[in-house]
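K.L.:
I'll drop the sequence and a predicted model, then ask my questions.
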Amino acid sequence: MSSATEQQVRELEPVELAAWRGMLRVHAALVKALDAELVRAHDLPLISYEVLITLDAAPEQRLRMAELADSVLLSRSGTTRLVDRLVRDGLIARENCEHDGRGSFAVLTKRGGELLAHARATHLDGVRERFLRHFTEDELRTLAESWERVLPGSAASQDLSRSD
């Protein structure tokens, strides 16, 4: 018998399984609904929106391709293919890095910024309606703090300290 078959599998407790499956199912359903809404209203998939919003928040509205891939949680090759489509659509541009001939930047274009401005209201309304409205402010703070325990930096965009 191999050591792998000798090990006894420790099943998840019901509450653990409920928490894990719930997070996966809610995430999948929210991404699907928010993506469909953005495509329907602006012909902009959610992952493309994420690239545009990430570039909009970056210094000079530009990021190295590797930084962009890390920010939007895509592989390098997946980011390259997505950036190629966004460049073709005129939403972002590629610029060579003058300090590193092998590197390049993705840069938000004026057209990309305009589309983002229109799509942002749709997206934020969808996030509020499909997710945020179900929780109190204290519950949202607890969720954000919980995500930080699992993956430090995942919810660190705002100060979560109480203002009361």
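P.N.:
Looks like it came in fine.
K.L.:
same question for the helix or strand containing T122, mean pLDDT?
P.N.:
If you go by DSSP states H and E, T122 is part of helix 110-130. For helix 110-130, mean pLDDT rounds to 98.
K.L.:
Which element is encountered next along the chain beyond that helix?
P.N.:
With elements assigned by DSSP H and E, the helix or strand that comes after helix 110-130 is helix 137-150.
K.L.:
I'd like to know which elements that following helix is packed against.
P.N.:
If contacts are counted by 3 or more Cβ pairs under 8 Å, 6 or more residues apart in numbering; DSSP states H and E, helix 137-150 sits against no helix or strand. Bear in mind the C-beta positions are built from the backbone N, C-alpha and C, glycine included.
K.L.:
just how off-centre is that helix within its chain?
P.N.:
17 Å (Cα atoms, centre = their mean, to the nearest Å).
K.L.:
Over to stretch 117-125?
P.N.:
Centroid separation between stretch 117-125 and its chain, computed with Cα atoms, centre = their mean, is 15 Å.
K.L.:
Dump it to CSV, keeping only the CA atoms.
P.N.:
This file holds the C-alpha atoms of stretch 117-125, laid out as CSV (Å, rounded to 0.1, in the frame of the first residue of the first chain):
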residue,chain,number,x,y,z
ALA,A,117,-16.8,55.9,-17.2
HIS,A,118,-20.0,54.7,-18.7
ALA,A,119,-19.6,51.1,-17.6
ARG,A,120,-18.5,51.9,-14.1
ALA,A,121,-22.0,53.1,-13.0
THR,A,122,-23.5,49.9,-14.4
HIS,A,123,-21.0,47.7,-12.6
LEU,A,124,-21.2,49.5,-9.2
ASP,A,125,-25.0,49.4,-9.3
